[in-house]
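Trainee: generate coordinates for the sequence data below:
(one chain, ligands or ions: 1)
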Amino acid sequence: MGDQQILILGAPGAGKGTQSKRLAEEYDLEHVTTGDALRENRDMETEHGTPREYMEAGELVPDELVNEIVEEALSSADGYVLDGYPRNESQVEYLQRITDLDVVLHLEVSEETLVDRLAGRRVDPETGDNYHVEFDMPDDEEVRERLIQREDDQEETVRERLRVFEENTEPVIDHYEDHEGYVRIDGEQSPDEVWEEIKEAVDERTA
Ligand code: AP5
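Mentor: Alright, predicted model coming up:
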């Protein structure tokens, strides 16, 4: 297993999931993603209610629950790519206490592109792979037929997620701009072009 400790930041739909998957494969890293972990436990009863209630409204799930998920996942991984966390300043403080980061990737994408990407996203429920109705559909007809749309990818919820991102997570990005491993990536390019830039940045900072 690789030992690179990588954080990937960006708005909903910026391509974090798409690129994290490639990073995990290329460098043999654990893909730690709070979104998937919460979707797997969406009906878990907690003192604050279930994750589902927050996710379907496009709101952040309470910090205590998410911090615990991340701490447990990072404690069992040497190298990782962390995707979807931290999303507010209190999560930043928590993360600083439990780990160090080698590389901080920031995928930048305009708001119109984000809405198009999320509304057009389809997910393979068997593999978790993401596709897009216009840019990237699977060749296999069987896979095409089983694709589903995520509950929070309806346009109204997408807009609320983008508002929550602007309010809570943009200050997180401002915070990491001073980190020595920080690199801004143009996320509007094709997935392969984005990947080339990411790979170069990671190799430069971890060689
Ligand atoms: P989460 O699952 O983390 O969602 P997100 O951050 O909103 O990110 P997405 O998965 O929507 O986008 P992505 O950047 O991964 O994009 P993707 O690669 O799929 O969180 C969901 C919810 O969980 C939150 O709203 C919150 O309620 C809760 N939650 C999670 N973490 C939390 C935390 N830390 N604290 C509190 N609550 C938390 O790409 C999108 C689409 O675009 C795909 O269709 C893809 O095929 C396409 N695409 C990707 N790249 C390109 C490209 N370069 N060109 C063209 N199309 C592309």
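
Trainee: and stretch 112-131, what's its mean pLDDT?
Mentor: Per-residue pLDDT values across stretch 112-131 average out to 94.

Trainee: buried residues in it, which are they?
Mentor: Within stretch 112-131, the residues that qualify as buried are 114-118, 120-124, 129-131, counting by 16 or more other CB atoms under 10 Å. C-betas here are computed from N, CA, C, even on glycine.

Trainee: for stretch 199-207, same thing?
Mentor: For stretch 199-207, the neighbour count (16+ other CB under 10 Å) marks Ala201, Val202, Arg205, Thr206 as buried.

Trainee: over to stretch 36-46?
Mentor: Ala37, Leu38, Arg39, Arg42.

Trainee: end to end, how far does it reach?
Mentor: 18 Å (CA to CA, to the nearest Å).

Trainee: show residues contacting it.
Mentor: Thr50, Pro51, Arg52, Met55, Val61, Pro62, Leu65, Val66, Ile69, Ala73, Gly128 (CB atoms under 8 Å, 6 or more residues apart in numbering).

Trainee: how about these in a markdown table, adding distance to the ligand and secondary structure?
Mentor: As requested, those are exported to a markdown table (distance: CB to the nearest ligand atom, whole Å; DSSP: H, G, I helix; E, B strand; the rest coil):
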| residue | distance to the ligand | secondary structure |
| --- | --- | --- |
| Thr50 | 12 | coil |
| Pro51 | 7 | helix |
| Arg52 | 9 | helix |
| Met55 | 4 | helix |
| Val61 | 4 | coil |
| Pro62 | 7 | coil |
| Leu65 | 8 | helix |
| Val66 | 4 | helix |
| Ile69 | 8 | helix |
| Ala73 | 12 | helix |
| Gly128 | 10 | coil |
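
Trainee: what residues does this structure have near the ligand?
Mentor: 10, 12-18, 34-35, 38, 54-55, 58-61, 66, 84-85, 87, 91, 117-118, 121, 130-132, 135-136, 152, 161, 190-191, 194 (CB under 6 Å from any ligand atom).

Trainee: so which of those belong to helices?
Mentor: 16-18, 34-35, 38, 54-55, 66, 91, 117-118, 161, 191, 194 (DSSP state H).

Trainee: for ChimeraX, what selects the buried ones among those residues?
Mentor: Of these, the buried ones go into a single ChimeraX selection, burial set by 16+ other CB under 10 Å:
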select :16,17,18,34,35,38,54,55,66,91,117,118,161,194
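
Trainee: quick check: of the ones in helices among the residues of the chain next to the ligand, which lies closest to the ligand?
Mentor: Nearest to the ligand among these: Gly35, at 1.9 Å, using CB to the nearest ligand atom.
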